[in-house]
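Chemist: missing the sequence, but the structure's below:
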């Protein structure tokens, strides 16, 4: 992977040139943003989304191997299906958001669909879950930045506001899956509590 990264970085540095001169960086934090109710709801909402969304990515193959008695190859296939369907899952919602509904109006039903699919995990076939979850979970990840841009009136503050949201959401990404793993372990290796 290091050689792949090195090759791609060298290629990028050889072929690409800066078209727009760098602009002066803004403030590190815009605490005034936390007085805006839509921004606060956005931060809290995406914190909760990211707290749950990576659980399936980290545990679907282990779940298939231990709970559903899949072979190790079949359980890895679940993860490959989830990530493979992430490609159209990242592109299609962006198209819908740009052409039809707008980013926030696309993110809201996508968030609801992620929750519904996660709650259906124990009740559906694993391959079906992996496919549908790959689509919707990747969709919510791709809609994160464009939804924030739709909430920001002054686009010169977008980088600062995005950094602030990422700082908060990072804690959700770092703690969600370990907490779910602790729930699985505390319930005697049963995944149901963590899935709910």
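Modeler: Received it, and whenever you're ready, just let me know what you need. As the structure is a computational prediction, the values presented were derived from the model and not from experiment. Numbering: from 1, shown residues only.
Chemist: quick check: mean pLDDT across the helix or strand encompassing residue 183?
Modeler: With the criterion set as DSSP states H and E, the secondary-structure element containing residue 183 is helix 158-186. Per-region confidence: helix 158-186 scores 91 on mean pLDDT.
Chemist: downstream of that helix, the next helix or strand is which one?
Modeler: Per DSSP H and E, helix 158-186 leads on to helix 192-195 as the next helix or strand towards the C-terminus.
Chemist: quick one: buried residues of that following helix?
Modeler: In terms of neighbour count (16 or more other C-beta atoms under 10 Å), helix 192-195 has its buried residues at 194-195. C-beta: built from backbone N, CA, C; applies to glycine.
Chemist: low-confidence stretches in the chain?
Modeler: Under the criterion pLDDT under 70, the flagged ranges of the chain are 20, 22-26.
Chemist: distance-wise, check the spatially most central residue of it relative to residue 75.
Modeler: What sits nearest the mean C-alpha location of the chain, by C-alpha atoms, centre = their mean, is residue 141, with 3.4 Å. As defined by C-beta to C-beta, to the nearest Å, residue 141 lies at a distance of 23 Å from residue 75.
Chemist: same thing with residue 34?
Modeler: Spatial separation of residue 34 from residue 75 under the definition C-beta to C-beta is 42 Å.
Chemist: more neighbours: those two, which one.
Modeler: Taking neighbours as other C-beta atoms under 10 Å, residue 34 and residue 75 compare with residue 75 leading, 20 against 12.
Chemist: and the more buried one, which helix or strand is it part of?
Modeler: For residue 75, the enclosing helix or strand under DSSP H and E is helix 72-84.
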